[in-house]
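Asks: Turn this into a structure:
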Amino acid sequence: MFSELQPSAVWAHFATLCRIPRQSKQEDALRDHLQGWAVQLGLATQVDAAGNLIIRKPASPGREHVPGMVLQGHLDMVCQKNSDSAHDFARDPIKAVLRDGHLIAEDTTLGADNGMGVAMILAVLEDATLTHGPIEALFTVDEEAGMGGAQGLASGVLQGSVMLNLDTEEWGEFYLGCAGGMDVNVSRPGQARPLPAGHEAWRVSLRGLRGGHSGVNIHEERGNAIKLLVRVLHDLARRHPLWLSELQGGTARNALPREAFATVALPAGRGAQLADELLRWQNLLGQELAGVESGLQLNAQAASATQVLSAEDQSIWLNTLHASPHGVRRMSQRVPGVVETSNNLGMVDLKPGGGRCNFMVRSLLDSGSRALADEIVSLWALSGTAAESAGQYPGWTPNPDSALLKLCQQVYRDQFKAESAVQVIHAGLECGIIAAKYPGMDIVSFGPTIRGAHAPGESVDVASVARTWQLLTAILAAHA
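Replies: Residues are numbered from 1 along each chain as shown. The predicted model follows:
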């Protein structure tokens, strides 16, 4: 299938990325493969202390005087799958299908974020016919799990004065700024108690939500499976003798939770009543989310449990998760139509012996992310629950006078006889971190159209890949 797509070199490299597992913090196999590949091409390589791979390609003949350009992307991908999928991201290749001009992974994430950008950079390194100045390819690691590679990049390693980041998802737009953010990690030990006599366990499932990118899609009011299921459990616990045994939801901090599951105990004989309650809630939530979510399913199956949370722990977890913020906090007053500050309750894992959850906070203002993170920490502190903010990374401040942006816009105009758009994105890009380490570096980001990043069903528009490649090579030739 990949061999049928154009440009063939780009898709051949993307096929390699689909074949070699590349979870965050587990990129070693891919990085080693790419380093060996580059050495065979006669290119200089370097792996820094953070695990980032840098590959350097000399200028094409006659272009040695051109200022160096950095091409940047991240090796890792968000690993999300449907709960009924047997896919193992540590071992199995990504399976994709071509449908209506889009390459799609139906049951898992595709890894087009940021695999398409990486594939294009590899194709540039390989192609001896291109016209360009000196090139440094920077492949970072651990982007999706906390920007670890960019955070660990040392100053003085890169020599280029300009950088193209290939990690955005809307063809025809150049990005000039992005949100920064941080995590809030919550943990609390528990006092388990035996399953009460005369009770039976049920597995309550909330499934069928769209999920998506916690930055790109946060303003669309998609459902958060954790928040919705907690809302249901909170109500049931107020009106019935319900005991909570387990609660799990979400598998990635930067993905909107699509599914959540709880094991609960009720007095024997309450199964039919529970089913009625869940049907009522499914209808209610379906009405509330009409036009946004059409596949929500809420049901219960008989389960087994030997322990439940104590009454105090259950009250603290359900009440505080129910009260915890999620979604858009504030729209930007400086950049119309762009989210300024938001938060994603992305993961929870709760058992009778204790639990933890994660919130990912984003903001165009560093003070905005700190303020919202402090609110979340303060909320959990009311119950004596440990919560700490960690991993703050800076936003990327727009530079409307960017010379590189003007060059990109002119090349786009020349190549496609149309005008491009300039955007600021609420998702986090590594550009802000790199810009802080390399003051004065001129940076622009662009890429092909990707839909559903961070969720199963992720797809990339094949035609936009060809256009992005055309634009990238033309920018390299025009850069002087």
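
Asks: Could you chop this structure up by domain?
Replies: 2-179+395-478, 182-393 (automatic domain parsing).

Asks: Now the ones you listed in a markdown table, please, with extra columns for mean pLDDT and mean neighbour count.
Replies: For glycine as for every other residue, the C-beta is placed from the backbone atoms N, C-alpha and C. Output for those, formatted as a markdown table (pLDDT from 0 to 100; neighbours: other CB atoms under 10 Å):
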| stretch | mean pLDDT | mean neighbour count |
| --- | --- | --- |
| domain 2-179+395-478 | 96 | 19 |
| domain 182-393 | 97 | 19 |
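
Asks: these two touch, right, residue 120 and residue 471?
Replies: No. With contact defined as CB atoms under 8 Å, residue 120 does not reach residue 471; the gap is 10.0 Å.

Asks: Can you list the residue ranges for helices in the stretch 201-350 of the chain?
Replies: In the stretch 201-350 of the chain, the helices defined using DSSP state H, counting those that start in this stretch lie at 225-239, 271-288, 311-323.

Asks: so how far is the second one off the chain centroid?
Replies: So the one you mean is helix 271-288. Averaged C-alpha coordinates place helix 271-288 at 31 Å from its chain's average position (CA atoms, centre = their mean, to the nearest Å).

Asks: who touches stretch 48-64?
Replies: With contact meaning CB atoms under 8 Å, 6 or more residues apart in numbering, stretch 48-64 is reached by 27-28, 31, 34-35, 38, 43-47, 66, 75, 124-125, 130-142, 148-154, 157-158.

Asks: In strands, which of those residues appear?
Replies: 44, 45, 46, 47, 135, 136, 137, 138, 139, 140 (DSSP state E).

Asks: With residue 433 as the reference, measure out to residue 367.
Replies: 18 Å (CB to CB, to the nearest Å).

Asks: Rebuild the helices of the stretch 201-350 of the chain as CSV, extending it with distance to residue 375.
Replies: Shown next, in CSV, are those (distance: least, CB to CB, whole Å):
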stretch, distance to residue 375
helix 225-239, 16
helix 271-288, 25
helix 311-323, 11
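
Asks: Would you mind telling me which of the ones you listed is nearest residue 429?
Replies: helix 225-239 (25.8 Å; CB to CB).

Asks: which helices and strands sit right next to that closest one?
Replies: strand 199-207, strand 243-249, strand 260-267, helix 271-288, helix 311-323, strand 339-351 (3 or more CB pairs under 8 Å, 6 or more residues apart in numbering; DSSP states H and E).

Asks: Identify whichever of those lies nearest to residue 457.
Replies: Across those, residue 457 has its closest neighbour in strand 199-207 (14.0 Å, CB to CB).

Asks: how big is the angle separating the closest one from helix 225-239?
Replies: Orientation check (axes from the mean of the first three to the mean of the last three CA atoms, to 10 degrees): strand 199-207 against helix 225-239 gives 150 degrees.

Asks: which residues are in contact with stretch 306-322?
Replies: 188, 190-196, 226-227, 230-231, 233-234, 237, 243-245, 247, 265, 345, 348, 350, 352-353, 355, 357, 379-380, 382-383, 385.

Asks: Now it - C-alpha only, PDB.
Replies: Extracted in PDB, the C-alpha atoms of stretch 306-322 (Å, rounded to 0.1, in the frame of the first residue of the first chain):
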ATOM      1  CA  THR A 306     -13.300  -8.900  47.100                       C
ATOM      2  CA  GLN A 307     -12.600  -5.300  48.400                       C
ATOM      3  CA  VAL A 308     -14.000  -1.800  48.100                       C
ATOM      4  CA  LEU A 309     -12.800   1.600  49.100                       C
ATOM      5  CA  SER A 310     -13.500   2.900  52.600                       C
ATOM      6  CA  ALA A 311     -16.500   5.300  52.900                       C
ATOM      7  CA  GLU A 312     -14.100   8.200  53.500                       C
ATOM      8  CA  ASP A 313     -11.900   7.400  50.500                       C
ATOM      9  CA  GLN A 314     -14.900   6.900  48.200                       C
ATOM     10  CA  SER A 315     -16.300  10.200  49.300                       C
ATOM     11  CA  ILE A 316     -13.100  12.100  48.700                       C
ATOM     12  CA  TRP A 317     -12.400  10.600  45.300                       C
ATOM     13  CA  LEU A 318     -15.900  10.900  43.900                       C
ATOM     14  CA  ASN A 319     -16.500  14.400  45.300                       C
ATOM     15  CA  THR A 320     -13.100  15.800  44.300                       C
ATOM     16  CA  LEU A 321     -13.000  14.300  40.800                       C
ATOM     17  CA  HIS A 322     -16.600  15.600  40.300                       C
END
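
Asks: Report the contact partners of residue 73.
Replies: The neighbourhood of residue 73, defined by CB under 8 Å, 6+ apart, consists of 114, 117, 118, 120, 121, 138, 139, 140, 165, 166, 167.

Asks: ok, which pair from those is furthest apart?
Replies: Every pair of the contacts of residue 73 checked by CB to CB; the farthest is 120 and 140, at 15.4 Å.

Asks: do you know how far the residue nearest to residue 279 when sequence neighbours are not counted is from residue 350?
Replies: The shortest distance from residue 279 to any non-neighbouring residue, by CB to CB, 6 or more residues apart in numbering, is to residue 298 (7.7 Å). Residue 298 is 19 Å from residue 350, where distance means CB to CB.

Asks: can you check residue 278 too?
Replies: 20 Å.

Asks: what's the closest non-adjacent residue to residue 6?
Replies: Using CB to CB, 6+ apart, the nearest residue to residue 6 is residue 466, at 5.7 Å.

Asks: Correct me if wrong: the one you found contacts residue 7.
Replies: Yes. The criterion here is CB under 8 Å, and residue 466 meets it with residue 7 at 6.0 Å.

Asks: and the one helix or strand residue 404 maps to, what does it pack onto?
Replies: Element membership for residue 404, per DSSP states H and E: helix 403-416. Helices and strands touching helix 403-416, by 3+ CB pairs under 8 Å, 6+ apart, are strand 173-178, strand 442-445, helix 462-478.
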